[in-house]
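Enquirer: model the structure of this input:
(2 chains, ligands or ions: 1)
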Amino acid sequence: MAEQVPPVSAREADARVALDIRAFQAEGRLDEARDRYGEVVTRYQRRAARIAYHYLRDAADADEAVQDAFIKAYMHIGTFREDLPFEVWFTRILINGCLDRLKARRRRERWMAPPMLDPNGVERDPADYLPSRGPSPEEVVLSAERRQQLMGAVAELPERQRMVFMLSHFDGRSSREVSAMTGLNESTVRVHLFRAIRRLRGLLVTRAATDQGTGRSNRANR
Amino acid sequence: MRIADIVFRQGHLSEEALTTAILGGDRPAHLEQCEACSQRARDLSLWLGNVRAEALEAADEVFPPERLALQHAQIMRRLEQIDAPPRVIAFPAQAVHAPRTHSERRVSPAWVGVAAAAGLAIGLVGGQISARVTPTASVPAPAQTQQAEPAQVAPAGPVTATSQPVNASLTTDWERYVPEDLLLLDQATPSLLETQLASAR
Ligand SMILES: [Zn+2]
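Expert: Model prediction:
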């Protein structure tokens, strides 16, 4: 008869894996350490890719950010403490990496083009500098169009609002977890989240209204 | 119920209170009693659900399973490189400490210096010569020379393949621009012709 193994939470499982990897590394059993870490990568990879992609809005950049975060986490697994869930610790590494990439992108953009200012004279988010793609024939499909609009609107959120909205809503994290991941305090997280939702709704409603207007005038011109 | 809700919204919930309630925070009693607010909450909840689904779909389209598999492989390869013993770094240390065999030849650093100096000298002399040979077309010769020897001077203007043969202009330049140092050197050493005549005698 199979031995009864008590169910463990994902958090406990992660902590065990981290301990195993550390032990393997200490004993020089590096192949085994990597194999074990490979399980962690599999578990969190999709989630990491989603976060990085929504944050950076560039597939190649997001890909690199995810890879770098996993490498960094592996190399610093000795500093991981079990009082924090592994995925919170890892997300922190990932977000810091994404922030560094955004900063680097901002610096590059400063050298290559004059800073873009919004009508209030405030410098726009570097993610907005990315060329906006015109809709391809496939994207004319309604759902794809709506998705494009949504992605554009999310990208228009200020950096912190976007980050908090993404982690809270897309990733389903509690305010406390988002606070641990970002270093913002919990009440700030809630304020950013509320503002992000309000702003996003406003942006999407405005865009929908503009599109309806454009659609009507296009039909009238025909 | 909050005073602000009573004063500004006729008792209905603010967007913030509604959002908080939906995202798992405090659920005000008003929400259970007011059909308008409960409808607002349902709409907002539906909208948020759609936004989430669309956003996740968009990201998953960019990162399909094949791309994630490739990414996984790349991560594992990079980790392998990190874990691999630093062979490239260890090589010079081994080379320094390894006993030298007879078949290995070692060049003295002094000779390397001499070779470098000789190379530099040859480069300088070569540079001087080529600088004096090339410029007929671009750098005008002194007016005096042009007046004194009109027959030998190449025509003014850029030298092209059609205006005159390249070899001809080179020969003229060689004759005209032999450096003084080389002339002295030439005088100090026996020429090939003199050597041949001497041996014939
Ligand atoms: Zn109400």
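
Enquirer: how about the helix or strand where residue B:111 lies: buried residues?
Expert: Here residue B:111 sits within helix B:109-133, counting by DSSP states H and E. Residues of helix B:109-133 classed as buried: residue B:132 (neighbour count, 16 or more other CB atoms under 10 Å in any protein chain shown). All C-beta spots, glycine's among them, are computed from the backbone N, C-alpha and C.

Enquirer: for that helix, give the mean pLDDT please.
Expert: Averaging pLDDT along helix B:109-133 gives 80.

Enquirer: which helices and strands sit right next to it?
Expert: helix B:166-176 (3 or more CB pairs under 8 Å, 6 or more residues apart in numbering or on different chains; DSSP states H and E).

Enquirer: for the helix it packs on, give the mean pLDDT please.
Expert: Averaging pLDDT along helix B:166-176 yields 43.

Enquirer: next one: stretch A:81-95
Expert: Stretch A:81-95 comes out at a mean pLDDT of 90.

Enquirer: now it - C-alpha only, PDB.
Expert: Only the C-alpha atoms of stretch A:81-95 are listed here, as PDB (Å, rounded to 0.1, in the frame of the first residue of the first chain):
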ATOM      1  CA  ARG A  81      14.300  33.000   3.400                       C
ATOM      2  CA  GLU A  82      11.200  30.800   3.900                       C
ATOM      3  CA  ASP A  83       9.300  33.500   5.800                       C
ATOM      4  CA  LEU A  84       8.400  34.900   2.400                       C
ATOM      5  CA  PRO A  85       6.700  32.700  -0.300                       C
ATOM      6  CA  PHE A  86       9.100  31.900  -3.100                       C
ATOM      7  CA  GLU A  87       6.900  33.400  -5.800                       C
ATOM      8  CA  VAL A  88       6.800  36.700  -3.900                       C
ATOM      9  CA  TRP A  89      10.500  36.700  -3.600                       C
ATOM     10  CA  PHE A  90      10.900  35.800  -7.200                       C
ATOM     11  CA  THR A  91       8.400  38.400  -8.400                       C
ATOM     12  CA  ARG A  92      10.300  41.000  -6.600                       C
ATOM     13  CA  ILE A  93      13.400  40.000  -8.600                       C
ATOM     14  CA  LEU A  94      11.400  40.000 -11.800                       C
ATOM     15  CA  ILE A  95       9.800  43.400 -11.200                       C
END
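
Enquirer: how far out from the middle of the chain is it?
Expert: Remark: stretch A:81-95 is offset 14 Å from the chain centroid, using CA atoms, centre = their mean, to the nearest Å.

Enquirer: flag every buried residue along it.
Expert: Judged by neighbour count (16+ other CB under 10 Å), stretch A:81-95 contains these buried residues: A:84, A:85, A:86, A:87, A:88, A:89, A:90, A:91, A:92, A:93, A:94, A:95.

Enquirer: so the last one touches residue A:166, yeah?
Expert: If I follow you right, that is residue A:95. No: the criterion here is CB atoms under 8 Å, and residue A:95 misses it with residue A:166 at 9.7 Å.

Enquirer: pull up the overlap in contacts between these two.
Expert: Shared contacts of residue A:95 and residue A:166 (CB atoms under 8 Å, 6 or more residues apart in numbering or on different chains): A:51, A:55.

Enquirer: residue ranges of each domain in chain B, please.
Expert: B:3-78, B:143-200 (automatic domain parsing).

Enquirer: for chain B, list the residues in contact with the ion, please.
Expert: Residues of chain B lying close to the ion (CB under 5 Å from the ion) are B:12, B:34, B:36, B:37.

Enquirer: which strand or helix spans the spatially most central residue of chain A?
Expert: Nearest to the centroid of the C-alpha atoms of chain A, with distances taken as CA atoms, centre = their mean, sits residue A:51, at 2.1 Å. According to DSSP H and E, residue A:51 maps onto helix A:30-56.

Enquirer: quick one, the longest helix belonging to chain B and helix A:30-56 angle?
Expert: Taking DSSP state H as the criterion, chain B has its longest helix at helix B:35-62. Using axes from the mean of the first three to the mean of the last three CA atoms, to 10 degrees, the direction of helix B:35-62 lies 130 degrees away from that of helix A:30-56.

Enquirer: next helix or strand past helix B:35-62?
Expert: As assigned by DSSP H and E, the chain's next helix or strand after helix B:35-62 is helix B:65-83.

Enquirer: buried stuff in that following helix?
Expert: By 16+ other CB under 10 Å, the buried positions in helix B:65-83 come out as B:68, B:71, B:72, B:74, B:75, B:76, B:79.

Enquirer: for those residues, give me JSON lines that also has pLDDT and distance to chain A.
Expert: Formatted as JSON lines, the buried residues of helix B:65-83 follow (pLDDT from 0 to 100; distance: CB to the nearest CB, whole Å):
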{"residue": "B:68", "pLDDT": "97", "distance to chain A": "6"}
{"residue": "B:71", "pLDDT": "97", "distance to chain A": "6"}
{"residue": "B:72", "pLDDT": "97", "distance to chain A": "6"}
{"residue": "B:74", "pLDDT": "97", "distance to chain A": "6"}
{"residue": "B:75", "pLDDT": "97", "distance to chain A": "5"}
{"residue": "B:76", "pLDDT": "96", "distance to chain A": "6"}
{"residue": "B:79", "pLDDT": "95", "distance to chain A": "5"}
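
Enquirer: list phi and psi for residue A:84.
Expert: Torsion angles at residue A:84 (phi, psi; degrees, to the nearest 10) stand at phi -120, psi 130.

Enquirer: what sits against it?
Expert: Neighbouring residues of residue A:84 by CB under 8 Å, 6+ apart: residue A:180.

Enquirer: now do it against residue B:67, distance only.
Expert: From residue A:84 across to residue B:67, the span is 29 Å (CB to CB, to the nearest Å).
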